[in-house]
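Asks: sharing a sequence plus its predicted fold:
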Amino acid sequence: MGTMFFQIFVPASGQTSITPRDCHQWGGGGKAPCYFTSLQEVKQSSSTQTGSSKTNEEEPGGSEKILNPSVRSAAKPEVDTLSAFHVQRLLGLMAATTAVLQFARLRMHPLQLWFLKHFKPLRMSQLVLLEAQKELVGYKGLGISVLEMSHRTSDVSKIIRKAENLLRELLNIPDNYKVIFLQGGGSGQFSGIPLNLIGLKEARIADYVVTGGWSAIAAKEAEKYSKVNLVHPSLPQYSKVPDPSTWNLNPDASYVYYCANETVHGVEFDFVPDVGKAVLVCDMSSNFLSRPVDVSKFGVIFADVQKNIGSAGVTAVIVQDDLLGFVLKECPIVLDCKVESENGSLYNTPPCFSIYIMGLVLEWIKNNGGVKTMDKLGEIKSEMIDDIIDNSNGFYVSVGGIHASLYNAVTIEDVQKLSAPMKSFMERHRS
Ligand SMILES: Cc1ncc(COP(=O)(O)O)c(C=O)c1O
């Protein structure tokens with residue numbers, strides 16, 4: 001039997017209808033291979049796997065190191081025990097449902113709502129969730145929740161400083177860089193970057209390397225505030241990074257912008273572009289902290305943290321301090337990196353709870369070997385899936401279909417659960 005392709009539509013929670021943009025919001029992560037599947041296979045698999053998800057007796061977090069020994073005594077969660085495998089299989093079913101509904105232009109079906117309740121565009125360690133659960137009502141014996149704290153208290157300041165220090169340690173961030181936590185998501189930085197940096201040079205030109213949907217949106221947004229130079233002709237399809245020797249960089253550009261991993265199109269840079277003395281800006285939203293990075297090569301790195309290091313609501317911005325102060329007067333003050341860094345990310349009310357969660361995730365990364373270990377595990381996980389695809393004689397095609405995001409918190413056991421049905425599916429359906 002041939003394969004049938006369908007796209008996944010996973011809307012942000014709380015929406016009552018689904019748009020094509022929702023589909024774009026949920027893509028494959030760093031080193032994320034993609035594969036085709038068939039509706040029939042998804043149905044078969046989801047029905048045969050339902051039983052095993054119920055009888056899952058694994059320790060939450062598997063072989064991960066705990067954040068805090070007392071977490072082990074915490075009650076096992078009643079929900080959220082689905083593995084990446086089940087997520088992938090059931091997402092397929094959701095995709096089919098959603099696609100049908102979208103074509104029929106219907107509002108959400110109860111089945112769709114059920115899927116929305118169970119699947120999210122990120123993976124977080126169970127240990128982090130348990131720690132947050134334990135501290136939700138009373139943070140560190142204070143008798144109040146982080147959710148209730150005033151951002152003007154020293155406790156919130158400490159939460160923010162803890163997250164900053166961990167990030168500095170994990171990425172070995174040099175002292176001449178500021179770390180700030182902003183709101184507005186990665187999309188906010190599509191405007192924030194030109195607003196803060198275009199004034200660096202009089203020509204008000206910015207170089208953009210467009211290798212997928214997110215960098216294309218960023219370049220479009222930058223056009224509101226600057227002249228945009230696309231450094232290579234637009235690509236017929238987003239499938240690889242054009243050879244840097246063909247890039248046409250403008251020497252008068254204030255900065256050179258690129259996206260390290262195009263979450264939707266799966267195009268990932270495996271090198272840091274050499275742009276000489278130009279200011280290099282990178283959107284690392286979907287592979288942030290999945291590998292070591294030499295921060296000193298960049299003017300600015302930004303990442304929405306909801307993929308690899310936390311929950312939605314925070315955008316981490318790492319900016320070289322001598323780039324601050326060139327902001328356009330039209331820039332909303334909450335996107336002004338100088339103002340935010342002078343105020344320790346506390347110019348206005350920050351998303352305290354999301355920053356707290358990020359601190360727990362960063363602690364989890366540190367306790368589990370740091371970024372180098374995340375990198376090694378990432379290689380192992382992606383090789384496990386790549387091997388199947390490479391040995392499939394073209395059965396699995398590496399574009400489109402279901403994205404398997406191999407974010408840091410996806411375990412090797414999860415990937416094994418994904419690879420087994422991929423193999424059996426191929427055995428059954430290849431002619
Ligand atoms: C690489 C990349 N950049 C930017 C964004 C936009 O981020 P946000 O939804 O936080 O605005 C995304 C979202 O998925 C992304 O994957």
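Replies: Noted; the coordinates are in hand. Numbering: from 1, shown residues only.

Asks: pretty sure residue 305 is touching residue 360, no?
Replies: No - Residue 305 is beyond contact range of residue 360, at 11.7 Å (criterion: Cβ atoms under 8 Å). C-beta here means a position set from N, CA and C on the backbone, and glycine is covered the same way.

Asks: write out the residues of the stretch 251-400 of the chain neighbouring the ligand.
Replies: With Cβ under 6 Å from any ligand atom as the criterion, the stretch 251-400 of the chain comes near the ligand at residues 259, 263, 283, 285-286, 304.

Asks: can I get these in a markdown table including pLDDT and secondary structure?
Replies: Putting these into a markdown table (pLDDT from 0 to 100; DSSP: H, G, I helix; E, B strand; the rest coil) gives the following:
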| residue | pLDDT | secondary structure |
| --- | --- | --- |
| 259 | 98 | strand |
| 263 | 90 | coil |
| 283 | 98 | strand |
| 285 | 96 | coil |
| 286 | 93 | coil |
| 304 | 95 | strand |
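
Asks: and the residues you listed as a markdown table, adding neighbour count?
Replies: Formatted as a markdown table, these follow (neighbours: other Cβ atoms under 10 Å):
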| residue | neighbour count |
| --- | --- |
| 259 | 29 |
| 263 | 28 |
| 283 | 26 |
| 285 | 27 |
| 286 | 29 |
| 304 | 25 |
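
Asks: which one among these gets closest to residue 347?
Replies: residue 304 (19.1 Å; Cβ to Cβ).

Asks: and the closest residue to residue 253 other than its chain neighbours, what are its bridge partners?
Replies: Beyond its immediate neighbours in the sequence, the residue positioned closest to residue 253 (Cβ to Cβ, 6 or more residues apart in numbering) is residue 207, lying 4.3 Å away. When bridges are assigned using DSSP bridges, the partners listed for residue 207 are residue 229, residue 256.

Asks: quick one: residues contacting residue 207.
Replies: By Cβ atoms under 8 Å, 6 or more residues apart in numbering, residue 207 lies in contact with 229, 231, 249-250, 253, 255-257, 275, 278.

Asks: try residue 249
Replies: Going by Cβ under 8 Å, 6+ apart, residue 249 touches 207, 229, 231, 256, 275, 278.

Asks: what is whichever strand or helix holds residue 418 packed up against?
Replies: Secondary-structure element containing residue 418, defined by DSSP states H and E: helix 412-429. Under the contact criterion of 3 or more Cβ pairs under 8 Å, 6 or more residues apart in numbering; DSSP states H and E, the helices and strands touching helix 412-429 comprise helix 39-54, helix 84-103, helix 370-390.

Asks: confidence-wise, which of the ones you listed is weakest overall?
Replies: When mean pLDDT is averaged over each of the helices and strands packed on helix 412-429, helix 39-54 scores lowest at a mean of 34.

Asks: and the gap between residue 196 and the ligand?
Replies: Here residue 196 is placed at a distance of 17 Å from the ligand (Cβ to the nearest ligand atom, to the nearest Å).

Asks: doesn't residue 323 make contact with that residue?
Replies: Yes - the criterion here is Cβ under 8 Å, and residue 196 meets it with residue 323 at 7.4 Å.
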